[in-house]
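Asks: need the 3D shape of this:
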Amino acid sequence: MDAFEKLNLWRKSINSRLRELLLLVKDERLREALSYYPLQEGKRLRPLSLVATCDALSGNLDDAITLGCAIELIHAYSLIHDDLPNLDNATFRRNLPAFHIRFGDDIAILAGDGLLTLAFEVLSKRELYKSLDERALLRAIHLTAVKSGPSGMVLGQALELYHHTDREYINLLKTAELFSLCFMLGGLCANLEDLSALEALGKRFGICFQMLDDLRDKDGLYLNLGSILEKKLISELKSLLTSLKELSLFTKEIEIIMKLAFGETIQELFS
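Replies: Numbers count the residues shown, from 1 in each chain. Predicted coordinates:
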């Protein structure tokens with residue numbers, strides 16, 4: 001099986017596991033709402049990064065897929081709340097009506113709350129895992145709370161609303177912390193104790209991802225740096241590749257994920 005086939009298999013497994021986990025929501029109408037964003041077509045960059053890291057380190061892929069789904073649920077919750085009128089006021093996402101347009105602002109708030117708490121139900125349900133014990137799951141729960149909560153992603157979102165002037169710091173918290181979590185949990189699935197190098201790697205990946213987004217939309221960090229942002233992005237991507245190689249994580253699967261995340265921007269670095 002080549003790398004593209006493996007990645008497609010992982011994506012199908014992630015989508016299938018998401019459907020299974022959403023069945024934990026017993027009320028049919030609420031389940032329909034909570035499923036709207038998670039089951040839409042997407043690149044699945046966060047869970048794929050987690051699974052690819054686990055695979056490179058010879059960990060349990062089934063557990064990595066379940067952990068990846070928990071993070072995807074958190075990502076979906078953050079998108080629902082981001083799209084609300086009092087935040088980004090988006091009307092479309094992935095060429096479909098935004099959540100609050102489809103279901104209403106009230107259900108959007110509840111669905112975001114539901115997906116966040118469902119993620120922690122998944123993280124804490126021991127019978128969903130094959131190799132991770134209670135100690136490892138407690139560590140996963142703690143890391144997820146720190147990275148996605150008021151010390152991480154939520155803080156980044158709040159600082160953006162407060163018009164904080166350090167855009168790079170906002171990007172680190174709002175976007176990069178969740179990516180760093182994925183790389184760390186991939187290492188956790190492979191029984192690594194020291195996850196600091198994976199944390200730094202994941203932060204760099206997330207920072208590059210947000211830089212590219214700012215460059216494309218000409219907002220965020222682009223408003224501070226202008227055209228210099230592209231040169232800074234290329235420099236950071238080179239450092240990211242070096243870090244991946246130093247940690248023996250630059251597999252064919254990771255390479256494909258990099259191309260999915262960064263597209264044409266990174267092509268020249270592979271030539």
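Asks: how long is stretch 235-254 end to end?
Replies: 19 Å (CA to CA, to the nearest Å).
Asks: sort out which residues of it are buried, please.
Replies: For stretch 235-254, the neighbour count (16 or more other CB atoms under 10 Å) marks 236, 237, 240, 241, 243, 244, 247, 249, 250, 251, 253, 254 as buried. Where C-beta positions appear, they are placed from N, C-alpha and C, glycine not excepted.
Asks: could you list which of those belong to strands?
Replies: Using DSSP state E to define strands, no part of the buried residues of stretch 235-254 is located there.
Asks: determine which two of these are furthest apart.
Replies: With distances taken as CB to CB, the most widely separated pair in the buried residues of stretch 235-254 is 236 and 253, at 21.2 Å.
Asks: returning to that earlier point: could I get the buried residues of stretch 235-254 in TSV, plus columns for pLDDT and distance to residue 199?
Replies: Output for the buried residues of stretch 235-254, formatted as TSV (pLDDT from 0 to 100; distance: CB to CB, whole Å):
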residue	pLDDT	distance to residue 199
236	94	16
237	94	19
240	95	14
241	94	18
243	96	11
244	96	14
247	95	11
249	96	13
250	95	18
251	96	19
253	97	20
254	96	16
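Asks: now name the helix or strand holding residue 144.
Replies: Residue 144 belongs to helix 134-148 when elements are defined using DSSP states H and E.
Asks: give the next helix or strand downstream of that helix.
Replies: Sequence-wise, the next helix or strand downstream of helix 134-148 (DSSP H and E) is helix 153-161.
Asks: outside of that next one, which residues touch it?
Replies: Here helix 153-161 makes contact (CB atoms under 8 Å, 6 or more residues apart in numbering) with 78, 82, 87, 147-150, 166, 169-175, 177-178.
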